[in-house]
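1. Return a 3D structure for these sequence lines:
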Amino acid sequence: MNKFTLNNGIEIPTIGLGTWHIEEGEKAYRSVITALEAGYRHIDTAAAYGNEKSIGRALHDFGLPRKEIFLTTKLWNTDRSPEKAKQALQDSMEKLQVDYLDLYLIHWPANAKQFPNDWAKINAETWEELSKAYENKTLRAIGVSNFMVEY
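-> Residues are numbered from 1 along each chain as shown. Below is the predicted model of the structure:
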């Protein structure tokens, strides 16, 4: 399978299974199993999708070595702050049954409407917490999702 190389040298498969709108339970579980059987090695989910537990079970049951799967999940806006981001990361990894993530994204930009008091500070502090997890190798790469250039 073809791969892209991220800025830090990590390779990500060009094609992956997106799991948005796949509900928790047997449907999410079977979708991941079927994708893995078909050769997919990149699975993309998010805490907000509510299906991480089924995805983790499927990855575990399929039995590939962890290093053969590229796993992406995302931090939701209600988990912005160093403490909440740290806990959300732990929760996602527990549900996914992994001890590291390949890519962890801030799902949506926080803005002044959502966080009227110091939204820029909240974004910076959240990023700093994710950077710590990157430095200690809990995360292989970090990034953002759905951000526009102005953010």
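
2. so where do the helices sit in the chain?
-> 26-37, 52-62, 82-96, 119-135 (DSSP state H).

3. Give the residue spans of this protein that score low on pLDDT.
-> Applying pLDDT under 70 to the chain picks out residues 110-116, 150-151.

4. Looking at this protein, name the residue that lies furthest from the middle.
-> When distances to the mean C-alpha position of the chain are computed (C-alpha atoms, centre = their mean), the maximum falls on Asn117, with 26.7 Å.

5. returning to that earlier point: with respect to burial, which of the helices of the chain scores highest?
-> Neighbour counts averaged per stretch over the helices of the chain are highest for helix 52-62, at a mean of 19; criterion: mean count of other C-beta atoms under 10 Å. (Glycine included, C-beta is placed from N, CA and C.)

6. what's the angle between that one and helix 82-96?
-> What separates the directions of helix 52-62 and helix 82-96 is an angle of 40 degrees, with axes from the mean of the first three to the mean of the last three C-alpha atoms, to 10 degrees.

7. I figured Ala47 hits Asp91, correct?
-> Yes: with contacts defined as C-beta atoms under 8 Å, Ala47 counts as touching Asp91 at a distance of 7.2 Å.

8. I figured Leu6 hits Ala141, correct?
-> Yes: at 5.3 Å, Leu6 and Ala141 qualify as touching, with contact defined as C-beta under 8 Å.

9. between the two, what contacts are shared?
-> Residues within reach of Leu6 and of Ala141 at once, by C-beta atoms under 8 Å, 6 or more residues apart in numbering, are Ile12, Leu103.

10. ok, those two, which is more surrounded?
-> When Leu6 is set against Ala141 and neighbours are counted by other C-beta atoms under 10 Å, the residue ahead is Ala141, at 18 against 15.
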